[in-house]
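Peer 1: what follows is a predicted structure for the sequence shown.
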Amino acid sequence: MIIRDILTIKGSEICAVSPNQTIADAIALMVQYDVGSLIVRQEGVMMGLLTERDVLRRLNESGDSVVNQPVSAMMVTEPIIGHPDDTVDYVRGVMTENRVSHLPVMEGENLLGVISFHDVARACLNAADFENQLLKRYIKHWPE
């Protein structure tokens, strides 16, 4: 399975925030859309990525005063990105090795969507379930 397949199943809705909006605005959007990351976009161009982990770390370091800061002060400006033709196994390794929970998927300059580690895990489980069913069917019809 490739990342393009995950985006097809998941959908490619992109939750985004402006770099000038506050962290409080970003938190409200994450809660509203039940997502763990937001693309930071200005005039249609991805400027960075903001994840719930980024917010929690900064809150822990600086207290609740950070909620009034702009998203640009906290976003990751060069996030690790994936390509739609990357395999799930490859992306799982990249995300695990780099401790990345969300991965923007780009094709050239075009942002196709964002996948989470949860999306990758679900795809791996579905593939394992399918393989398990095939093996059980094969064993059931094993020639005598």
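Peer 2: Structure's in. What do you need?

Peer 1: going by C-alpha atoms from here, please, whenever you check contacts or count neighbours.
Peer 2: Fine.

Peer 1: now do the helices in the protein.
Peer 2: 3-10, 23-33, 52-62, 88-97, 117-140 (DSSP state H).

Peer 1: what's next to the second one, contact-wise?
Peer 2: It stands for helix 23-33. Identification of contacts with helix 23-33 by CA atoms under 8 Å, 6 or more residues apart in numbering yields 15, 17, 36-38, 55, 66-71.

Peer 1: phi first, then psi, for Arg99.
Peer 2: Per-residue torsions, Arg99: phi 50, psi 50 (degrees, to the nearest 10).

Peer 1: okay, the helices of the chain in TSV with mean neighbour count next?
Peer 2: Formatted as TSV, the helices of the chain follow (neighbours: other CA atoms under 10 Å):
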stretch	mean neighbour count
helix 3-10	16
helix 23-33	17
helix 52-62	14
helix 88-97	15
helix 117-140	13
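
Peer 1: which of these sits closest to Gly82?
Peer 2: With CA to CA, the closest approach to Gly82 among these belongs to helix 88-97: 7.2 Å.

Peer 1: so where's the chain uncertain?
Peer 2: Along the chain, the parts satisfying pLDDT under 70 run over 124, 126-130, 132, 144.

Peer 1: highest neighbour count among the contacts of helix 23-33?
Peer 2: Highest neighbour count within the contacts of helix 23-33: Ser37, with 29 neighbours (other CA atoms under 10 Å).

Peer 1: got a list of what Met74 touches?
Peer 2: 50, 54-55, 58.

Peer 1: pick the one among the residues you listed closest to Thr96.
Peer 2: For the contacts of Met74, with Thr96 as the reference and CA to CA as the criterion, the closest is Asp54, at 16.8 Å.

Peer 1: nearest residue to the closest one in space, please, no chain neighbours.
Peer 2: Spatial nearest neighbour of Asp54, excluding adjacent residues (CA to CA, 6 or more residues apart in numbering): Met74 at 6.9 Å.

Peer 1: rewinding a little: closest to Val45 out of the helices of the chain?
Peer 2: Nearest to Val45, of those and by CA to CA, is helix 23-33 at 17.4 Å.

Peer 1: and the helices of the chain as a markdown table, adding distance to Glu109?
Peer 2: Converted to a markdown table, those look like this (distance: least, CA to CA, whole Å):
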| stretch | distance to Glu109 |
| --- | --- |
| helix 3-10 | 16 |
| helix 23-33 | 24 |
| helix 52-62 | 24 |
| helix 88-97 | 19 |
| helix 117-140 | 23 |
